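Q: with the sequence up front, the predicted model follows.
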Amino acid sequence: MAEFRETLARLGLGGIATYIQSGNAVFRAAGKPADLASQISEAILRDFGFQTDVLVLSEAALAAAIRDNPFPDAENDPANLYLHFAFDAIDPDEPKALSALATQGERLRVLGRVLYLYAPRGVGRSNLAARLTRVITTPMSARNFRSCRKILDLAHDMRTT
């Protein structure tokens, strides 16, 4: 992650902090999220030699996604509650096709560009989770609820220091 932070710093981003080894970064920057995402994607290709989709969310957007969680009871099981952040709008008919696959307390709901999935037995055991990316056609980036809260805490700490 040190090299990733250096890449972000070369783009002129400030106050860079990363969370775990999956490309989660918090930073200060001016500009539109889509423009920043494009710049970061190009820098990753240049510095690391691979193409990847990059999604940039504002602190407010992440806070809203956490606040609007439609399964508040699942917050007690944050490792099994996933927020899938869509790069584009999700076709409202696609999640309907997945609902029939939900078993053993699994729940799925789309609010705006966030797809919430609660898989109490874990996503590795979930037929619903396994089929998700085959049915939902827009690219998404998923984080469990625990990670979302930690990333938001990093953003909040950065803003208050």
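A: Happy to help now that I have it. Numbers count the residues shown, from 1 in each chain.

Q: what packs against the worst-scoring helix or strand of the chain on mean pLDDT?
A: Scoring the helices and strands of the chain by mean pLDDT, DSSP states H and E places helix 93-99 at the bottom, with a mean of 86. Contacts defined by 3 or more Cβ pairs under 8 Å, 6 or more residues apart in numbering; DSSP states H and E place helix 93-99 against strand 107-111, helix 127-135. (C-beta placed from N, C-alpha, C; glycine too.)

Q: I'd say residue 47 and residue 3 touch.
A: Yes: between residue 47 and residue 3 there is a contact under Cβ atoms under 8 Å: 7.2 Å.

Q: between these two, who's got more neighbours?
A: A side-by-side neighbour count of residue 47 and residue 3, using other Cβ atoms under 10 Å, places residue 47 first with 14 against 9.

Q: OK, contacts around that one?
A: By Cβ atoms under 8 Å, 6 or more residues apart in numbering, the contact set of residue 47 is 3, 7.

Q: one step back: which one of the helices and strands packed on helix 93-99 lies nearest to residue 159?
A: strand 107-111 (24.5 Å; Cβ to Cβ).

Q: so which elements touch that closest one?
A: So strand 107-111, by 3+ Cβ pairs under 8 Å, 6+ apart, packs with helix 93-99, strand 114-118.
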